[in-house]
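Trainee: compute the structure for the input listed below.
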Amino acid sequence: MIRISGLAALACGLTLASSLQGPRQDAARDACIERCVSQPQDAEVQRQEIVSLEREAARAIQLNSSTFFHRVYSDEFAGTLSHGQQINKSQWIAAVESPLVKRASFNVSDIKVRIFEDTAVATCLWSSRFTVNGQQLSSQIRAIHVYINTPNGWHVISGQTTNLPPDVQQPL
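Mentor: Numbering: from 1, shown residues only. This next block holds a predicted model:
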């Protein structure tokens, strides 16, 4: 008898607890269901979408255009430049728009994407030729970007770049 009344009390408690969490939990569940219904489930389609975003980012950098970054980079974006400076979204956009750097070319290659549920990690090689203070330079940079899949599409939340030394193959 005590066992039955204990189970009944537990069931009532669980029912009350779930009703108290109500609106916030329901909103999160509804957003999750919406993503499942509206987003493609095919991993290859999602991978190609990230590859397209990486190519679009390179084009935006080439053109010194911030429109792409306003749309795709999260307001909470945190990145690290190749020389170690930590930046946020507005600082990254300022760097892209800087009139001090004139890019002759900016190419992205070797794009690799790994997807883990609603998170994707993209790595790529950036190759660029540019002019700074009248001096012509070139560089190759490895970049990594972390994306999250939101109801509004993929957004970059973090990034890091690393300069590659010129024509030097180094072991681990």
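
Trainee: from now on I want contacts and neighbour counts done on CA atoms only, so please keep to that.
Mentor: OK.

Trainee: buried residues in stretch 117-133?
Mentor: 119-130 (16 or more other C-alpha atoms under 10 Å).

Trainee: so how far is that stretch from its chain's centroid?
Mentor: Centroid displacement of stretch 117-133 relative to its chain, using C-alpha atoms, centre = their mean, to the nearest Å, is 12 Å.

Trainee: this protein - how does it break down into domains?
Mentor: With automatic domain parsing as the criterion, the domains of the chain are listed as 1-38, 43-163.

Trainee: leaving out chain neighbours, which residue sits closest to Ala120?
Mentor: Of all residues not flanking Ala120 in the chain, Tyr147 sits nearest, at 5.0 Å (C-alpha to C-alpha, 6 or more residues apart in numbering).

Trainee: so the one you found, which state does it fall into?
Mentor: The local conformation at Tyr147, judged by DSSP: H, G, I helix; E, B strand; the rest coil, is strand.

Trainee: again, but for Glu56
Mentor: From three-state DSSP, the assignment for Glu56 is helix.

Trainee: hang on, it packs against Phe69?
Mentor: No - using C-alpha atoms under 8 Å, Glu56 is not in contact with Phe69, being 9.7 Å away.

Trainee: which residue ranges of the protein form strands?
Mentor: Counting by DSSP state E, one finds strands in the chain at the ranges 73-80, 86-88, 101-116, 119-132, 135-150, 153-163.

Trainee: returning to what we had before: looking at Glu56 and Phe69, which is more packed in?
Mentor: With neighbours defined as other C-alpha atoms under 10 Å, Glu56 and Phe69 compare such that Phe69 has more, 21 against 15.

Trainee: pull the contacting residues for the more buried one.
Mentor: If you count contacts by C-alpha atoms under 8 Å, 6 or more residues apart in numbering, Phe69 has them with 57, 89, 93.

Trainee: in TSV: the domains of the chain, plus mean pLDDT.
Mentor: Converted to TSV, those look like this (pLDDT from 0 to 100):
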stretch	mean pLDDT
domain 1-38	57
domain 43-163	96
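
Trainee: tell me which of those domains is the most buried.
Mentor: domain 43-163 (a mean of 17; mean count of other C-alpha atoms under 10 Å).

Trainee: circling back to that earlier point, could the strands of the chain go into CSV alongside distance to Arg29?
Mentor: As requested, these are exported to CSV (distance: least, C-alpha to C-alpha, whole Å):
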stretch, distance to Arg29
strand 73-80, 22
strand 86-88, 30
strand 101-116, 19
strand 119-132, 18
strand 135-150, 13
strand 153-163, 17
